[in-house]
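> Provided below are the primary sequence and the corresponding predicted coordinates.
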Amino acid sequence: MKVLGIFASPRKEGNTELLLEELLKGAEKEGASVERLYLRDFTITPCKECHGCDNTGSCVILDDMEKIYPKLLEADAVVLASPIFFYGVTAWAKALIDRSQAFWARKYLLKDSSFGKEGKKRKGFFISVGATKGAKVFEGAVLTVKYFFDVLNADYAGELLFKEVEAKGDILKHPEALQQSFEAGRRLVQNP
Ligand SMILES: Cc1cc2nc3c(=O)[nH]c(=O)nc-3n(C[C@H](O)[C@H](O)[C@H](O)COP(=O)(O)O)c2cc1C
């Protein structure tokens, strides 16, 4: 099983990074092959809404997304880890998600069977962290990510969302959160 871990925080060794790293270690322990994608190292231009992908299912923008599209397609499970920025995912994550419009076109406009019922099924898992304790802090991001996973033919396999975690490395004060993430990685592989 191939697990693609997408690190969407600009902050190195930040809270979502530590959580996703634990999840991936759990997946590796169960024998998964794991790839780590640090979005801050990639240049992802925002979607231009040119509809260039409508007839082809391919994006006309030539940038680092060209490297990322095949990784999304090859993955059996995609794990996205993004902190909450202004009640949503980070700009890196959102740019990647919006550029998945090319897959949306394949699935819904071009009726590409590889995205249909007979196509490859994937799993999606979301990790997020926010500084505040607002009741709705994760609502927007979760909706965005669920819709992204739908385009990838990925079932929403689960989420780990932690409030009131702000400074770099604060999540280390919650070892149970890291343990939960490790176990989530194991379960992701154990229940294909
Ligand atoms: C630009 C920016 C916007 C943020 N917006 C929110 C927000 O709307 N709600 C919230 O709870 N935390 C917000 N935060 C706090 C981060 O979600 C929090 O510090 C988190 O722990 C960062 O995770 P990381 O270490 O993985 O980058 C924001 C932080 C930044 C830098």
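That came through, no problem.

> hmm, residue 1 and residue 34 touching each other?
No: under the criterion of C-beta atoms under 8 Å, residue 34 is not in contact with residue 1, lying 9.4 Å apart. For glycine as for every other residue, the C-beta is placed from the backbone atoms N, C-alpha and C.

> intersection of neighbour lists for these two?
Common neighbours of residue 34 and residue 1, using C-beta atoms under 8 Å, 6 or more residues apart in numbering, are residue 27.

> and the residue of this protein closest to the ligand?
residue 14 (2.4 Å; C-beta to the nearest ligand atom).

> list the contacts for that residue?
Neighbouring residues of residue 14 by C-beta under 8 Å, 6+ apart: 83, 168-169.

> re the thing from before, residue 34 and residue 1: which has the busier surroundings?
residue 34 (19 against 16; other C-beta atoms under 10 Å).

> what residues are up against that one?
2-3, 5, 24, 27-28.

> most surrounded residue in the residues you listed?
Going by other C-beta under 10 Å, residue 27 tops the contacts of residue 34 with 27 neighbours.

> what mean pLDDT does the helix or strand containing that one get?
Taking DSSP states H and E as the definition, residue 27 sits inside helix 15-29. Averaged across helix 15-29, pLDDT comes to 98.

> need the next SSE after it, C-terminal direction.
As assigned by DSSP H and E, the chain's next helix or strand after helix 15-29 is strand 33-38.

> what's the mean pLDDT across that following strand?
Computed over strand 33-38, the mean pLDDT rounds to 98.

> now stretch 185-192
Across stretch 185-192, the average pLDDT comes to 91.

> could I get the CA-only coordinates of it as PDB?
Coordinates of the C-alpha atoms in stretch 185-192 are reproduced here as PDB (Å, rounded to 0.1, in the frame of the first residue of the first chain):
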ATOM      1  CA  GLY A 185      -1.500   5.300  10.500                       C
ATOM      2  CA  ARG A 186      -1.500   1.700  11.500                       C
ATOM      3  CA  ARG A 187      -5.200   1.400  11.100                       C
ATOM      4  CA  LEU A 188      -5.100   3.100   7.700                       C
ATOM      5  CA  VAL A 189      -3.000   0.300   6.500                       C
ATOM      6  CA  GLN A 190      -4.600  -2.500   8.500                       C
ATOM      7  CA  ASN A 191      -8.100  -1.800   7.000                       C
ATOM      8  CA  PRO A 192      -7.500  -1.300   3.300                       C
END
